[in-house]
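In: following is a predicted model, sequence given first.
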Amino acid sequence: MDIQEEKALRLQIVALIPRLRRFALGLTRNGPEADDVVQMALERAISKIHQFQPGTRLEAWLFRIVRTTWLDDRRRLARRPAESNEDAVNGFAGDSLPQTDTLDLRADLARALGTLTEDQRAVVLLVLVEGQSYDEASEILNVPTGTIMSRLSRARTTLMQALSEQGVRP
């Protein structure tokens, strides 16, 4: 990889930082912890930029690094109490709603996301929030596509149940 290609790749990485942070926030449920995970992941990515295979999907490579970094960090540190999923669900609530309704919906979704298992939450964040395909999520999480589909199905059921218990109509 020449210097120009590496420079272009670094610019693409910078453009993906908000999505990486949203994904990390959904995984950690803690803003400062998500920032730390993204920072560590970016350090890993930049130090191993020569390992990126041109022609493959940069965002999948980075999402995988974020998830691996988070798992490594969880193993190393004792888990802190969860704060909120609110920032992670910004992609769920549409701009067509009045601001107060949007904020209420985001809070409801954040609480509902908290009812999911970590594996289900990762799939929901990748597929429903980040717009990854089942195959892309499968590659990022290193599980079969069928597993992605079943986790997403169970997650949707759990989310609908949690939202209905909160009085939110689909």
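Out: In hand now; what should we look at?
In: ok, now which ones touch residue 166?
Out: 108, 111, 112 (CB atoms under 8 Å, 6 or more residues apart in numbering). In short, each C-beta sits where N, CA and C put it, glycine included.
In: swap in residue 41?
Out: Residues in contact with residue 41, defined by CB under 8 Å, 6+ apart, are 20, 24, 62, 65, 66, 68, 69.
In: once you drop chain neighbours, what's closest to residue 145?
Out: residue 138 (4.4 Å; CB to CB, 6 or more residues apart in numbering).
In: look at residue 47 and report its pLDDT.
Out: Per-residue pLDDT puts residue 47 at 94.
In: tell me the contacts of the residue nearest to residue 145?
Out: The contact partners of residue 138, taken as CB under 8 Å, 6+ apart, are 144, 145, 147, 148.
In: before we move on, what about residue 24?
Out: Contacts for residue 24 were tallied using CB under 8 Å, 6+ apart; they are 34, 35, 37, 38, 41, 66, 70.
In: and for residue 158?
Out: 112, 115, 116, 120.
In: nearest residue to the last one in space, please, no chain neighbours.
Out: Looking back up the chat, that one is residue 120. Among residues not flanking residue 120 along the chain, residue 155 sits closest, at 3.8 Å (CB to CB, 6+ apart).
In: which strand or helix spans the one you found?
Out: Using DSSP states H and E, residue 155 maps to helix 145-165.
In: of the contacts of residue 41, which pair is most distant in space?
Out: 20 and 68 (12.5 Å; CB to CB).
In: run a quick neighbour tally on residue 141.
Out: Using other CB atoms under 10 Å, residue 141 is surrounded by 19 other residues.
In: verify the stated contact: it with residue 122.
Out: Yes - if you go by CB atoms under 8 Å, residue 141 and residue 122 touch, sitting 6.2 Å apart.
In: who touches both of these two?
Out: What both residue 141 and residue 122 touch, as defined by CB under 8 Å, 6+ apart, is the set residue 67.
In: now the residue sitting nearest the centre point of the chain, nearest residue through space, not along the chain?
Out: In the chain, the centroid-proximal residue (CA atoms, centre = their mean) is residue 23; its distance is 2.1 Å. In space, and not counting its chain neighbours, residue 23 is closest to residue 125: 5.4 Å by CB to CB, 6+ apart.
In: if anything else comes up later, I'll come back, but that's it for now.
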